[in-house]
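> Here's a sequence, model it:
(chains A and B)
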There are 2 protein chains.
Amino acid sequence: MKIAYDGTHFCGWQEQPNGCSVQSALSAAAEQAFGVKAVFTASGRTDSGVHALGQVCHADMEVSVPPDKLADALNCRLPSSVSVLASAAAPEGFDANRSAKKKTYVYRMYNSPRRNPLKDRYSVHIKGATDIDAMRRAAQLFVGEHDFRAYCASRSQVKTTVRTVHFFNVEQDGEDITLSVCGNGFLYNMVRTLAGTVLGCAQGSIPLERVKSSLVTGDRSLAGKTMPPNGLCLYEVDYGTVLFER
Amino acid sequence: MKIAYDGTHFCGWQEQPNGCSVQSALSAAAEQAFGVKAVFTASGRTDSGVHALGQVCHADMEVSVPPDKLADALNCRLPSSVSVLASAAAPEGFDANRSAKKKTYVYRMYNSPRRNPLKDRYSVHIKGATDIDAMRRAAQLFVGEHDFRAYCASRSQVKTTVRTVHFFNVEQDGEDITLSVCGNGFLYNMVRTLAGTVLGCAQGSIPLERVKSSLVTGDRSLAGKTMPPNGLCLYEVDYGTVLFER
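Numbering: from 1, shown residues only, chains lettered A, B, ... in the order given. As a prediction, this is how the structure comes out:
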């Protein structure tokens, strides 16, 4: 299934003892619709407060409707903060997590003297002089295969911190700044720390040389701050194949 | 002051016995900041659930800060759903309501097979074939001076239902449809009913001839339905003068 959610009031994708997760909202809807217990596996977890427009997940379940009708069967039972955009029978051997080839995240900020309540839910307010060209130059330093150890929250436990960033685009439209990062995978908090780092470069608090050092040394203290979750949105997951007919 | 607010959880602009209003949020912040009771008058009331990006209001009050610093003094005491974008000393004789020359409202919809939780807060989900050219032709019928009696909620009590619409633009960007309506004033629920009417024309349920009749006869039953409040945003109020320095 391809799903979208407003992460504001969720504790994240993954089921937690305390708090509402997207995963448990989907399970509850499936149980209500079909009387089965289904566990949904996503392309990757999203943190508390992070949004998704193109999250992909799968479950092994027997349902009494054609696969493409699963979306509507669940939608009428899901809270308004989650929507199943498309559903289909998974290809043989498909796993939403392990089969993912590329992921694209979008991080949004807006630069204005005062807050805009109509933007705050999905974008982070920044102030002051911001050099977009410096931001673009910093973003380019991350493109390619690098050890992103400096861009990984300390509580993360992964085999390798080497990842490939396919592109890292910076777009400006009036006061709005949109970062689009596509890679073969991302470490815990990586996109939010990349966003904080290129913002630091744009605002003059982080020299480009320090960014280069961070990638060579893996020293977390050289990277920028981790930006708030509400600016982040999982935009697209690419499996190298068409999963959903339009 | 020029203010922006997310109207989702407000009962509207105006103070009500039950419910949170934008007006009372501003009064409470002013009282906290300066120890004075201030009553704010807006360019016009907005309904429960309607947003604003360029609402203008005034109050007669003595404050201990320069007028342009009033914004920040209030912002740090306002809920996150309201922001004062600019403040200034009012020109002699200024009244936010009576001095307003033109208002521009924006109404947003998105046309997709399934709901998008990231759009639902500020845009209304519509489905099915939508003829944008028919929508544009319908919108043009409202431009000029007309008796908008058919586009006014029955509980409205006004001296005259004649209003002038300066422009009524329809923009399409992918699945997003944005209506921008500028006029010298609007009746109660008028923009939401105009939006429902041009949507009816776009979806083929309202012929253009019926729209023409509605303006001639003032028959409410000829107009379309009143669209939900969350798609509506008071975008700008024009006083024919520069109120705020940039």
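> residue boundaries of the strands in chain A?
Applying DSSP state E to chain A gives strands spanning A:2-5, A:41-42, A:51-58, A:82-86, A:102-111, A:124-126, A:144-147, A:162-173, A:176-183, A:232-238.
> quick one, which of the ones you listed is nearest to residue A:135?
When the strands of chain A are compared by CB to CB, strand A:162-173 sits nearest residue A:135, at 5.1 Å. C-beta coordinates here come from the backbone N, C-alpha and C atoms, glycine included.
> Buried residues in the closest one, which are they?
For strand A:162-173, burial by neighbour count (16 or more other CB atoms under 10 Å in any protein chain shown) applies to A:163, A:165, A:168, A:170.
> Alongside chain B, which residues does chain A contribute?
Along chain A, the residues adjacent to chain B under the rule CB under 8 Å from any CB of the partner chain are A:4-6, A:51, A:53, A:71-72, A:75, A:80-86, A:114-118, A:120-122, A:233.
> Now for the residue of chain A positioned farthest from its centre: which residues touch it?
For chain A, the residue at maximal distance from the C-alpha centroid (CA atoms, centre = their mean) is residue A:64, at 31.9 Å. Residues in contact with residue A:64 (CB atoms under 8 Å, 6 or more residues apart in numbering or on different chains) are residue A:34.
> could you flag which of the residues of chain A next to chain B are buried?
Among those, those buried by neighbour count (16+ other CB under 10 Å) are A:4-6, A:51, A:53, A:71, A:75, A:81-86, A:114-118, A:120-122, A:233.
> For beta bridges, what are the partners of residue A:146?
The bridge-partner assignment for residue A:146, based on DSSP bridges, gives residue A:163.
> thought it was touching residue A:217?
No - Residue A:146 is not in contact with residue A:217 according to CB atoms under 8 Å; the separation is 11.8 Å.
> Pick out whichever of these two has more residues nearby.
Per other CB atoms under 10 Å in any protein chain shown, whichever of residue A:146 and residue A:217 has more neighbours is residue A:146, with 19 against 13.
> about what we covered before: with pLDDT and distance to residue A:240 as extra columns, can I get the buried residues of strand A:162-173 in TSV?
Shown next, in TSV, are these (pLDDT from 0 to 100; distance: CB to CB, whole Å):
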residue	pLDDT	distance to residue A:240
A:163	97	18
A:165	98	18
A:168	98	21
A:170	98	26
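> which two from these end up farthest apart in space?
Between any two of the buried residues of strand A:162-173 (CB to CB), the greatest distance is 19.1 Å, for A:163 and A:170.
> I'd assumed residue A:147 was in contact with residue A:162.
Yes - applying CB under 8 Å, one finds residue A:162 in contact with residue A:147, separated by 5.1 Å.
> Residue A:59 contacts residue A:36, doesn't it?
No - assessed by CB under 8 Å, residue A:59 is found out of contact with residue A:36, at 9.2 Å.
> who's more crowded, the two?
residue A:59 (19 against 14).
> ok, that one - contacts?
A:26, A:30, A:38, A:39, A:40, A:41.
> just to revisit the earlier point, ok, now how distant is the residue farthest from the centre of chain A from residue B:78?
Residue A:64 sits 51 Å away from residue B:78, going by CB to CB, to the nearest Å.
> and what of residue A:88?
46 Å.
> And those two? Which one has more around it.
More crowded of residue A:88 and residue B:78, by other CB under 10 Å: residue B:78, with 22 against 18.
> check contacts around the closest residue in space to that one that isn't next to it in sequence.
Distances taken as CB to CB, 6 or more residues apart in numbering or on different chains put residue B:29 closest to residue B:78, at 4.9 Å, once the chain neighbours are dropped. Going by CB under 8 Å, 6+ apart, residue B:29 touches B:74, B:77, B:78.
> would a markdown table of those residues with pLDDT and distance to residue A:126 be doable?
A markdown table is the format used below for the contacts of residue B:29 (pLDDT from 0 to 100; distance: CB to CB, whole Å):
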| residue | pLDDT | distance to residue A:126 |
| --- | --- | --- |
| B:74 | 97 | 21 |
| B:77 | 97 | 22 |
| B:78 | 97 | 20 |
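> Mind putting these into TSV with distance to residue B:106?
Below are the contacts of residue B:29 laid out as TSV (distance: CB to CB, whole Å):
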residue	distance to residue B:106
B:74	25
B:77	28
B:78	23
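> so who does residue A:31 touch?
A:37, A:38.
> distance of it from residue B:15?
Per CB to CB, residue A:31 is found 45 Å from residue B:15.
> how deep is residue A:127 tucked in, by neighbour count?
Using other CB under 10 Å, residue A:127 has 11 neighbouring residues.
> Could you check how far it is from chain B?
Per CB to the nearest CB, to the nearest Å, residue A:127 is found 12 Å from chain B.
> wait, that residue sits on residue A:109?
No - under the criterion of CB under 8 Å, residue A:127 is not in contact with residue A:109, lying 10.4 Å apart.
> so who does residue A:130 touch?
Applying CB under 8 Å, 6+ apart, the residues near residue A:130 are A:111, A:177, A:199, A:202, A:203.
> Now do the last one against chain B, distance only.
The spacing between residue A:203 and chain B, counted by CB to the nearest CB, is 21 Å.
> For residue A:41, name its beta-bridge partners.
residue A:58.
> ok, it - contacts?
Contacts of residue A:41 (CB under 8 Å, 6+ apart): A:57, A:58, A:59, A:95, A:96, A:97.
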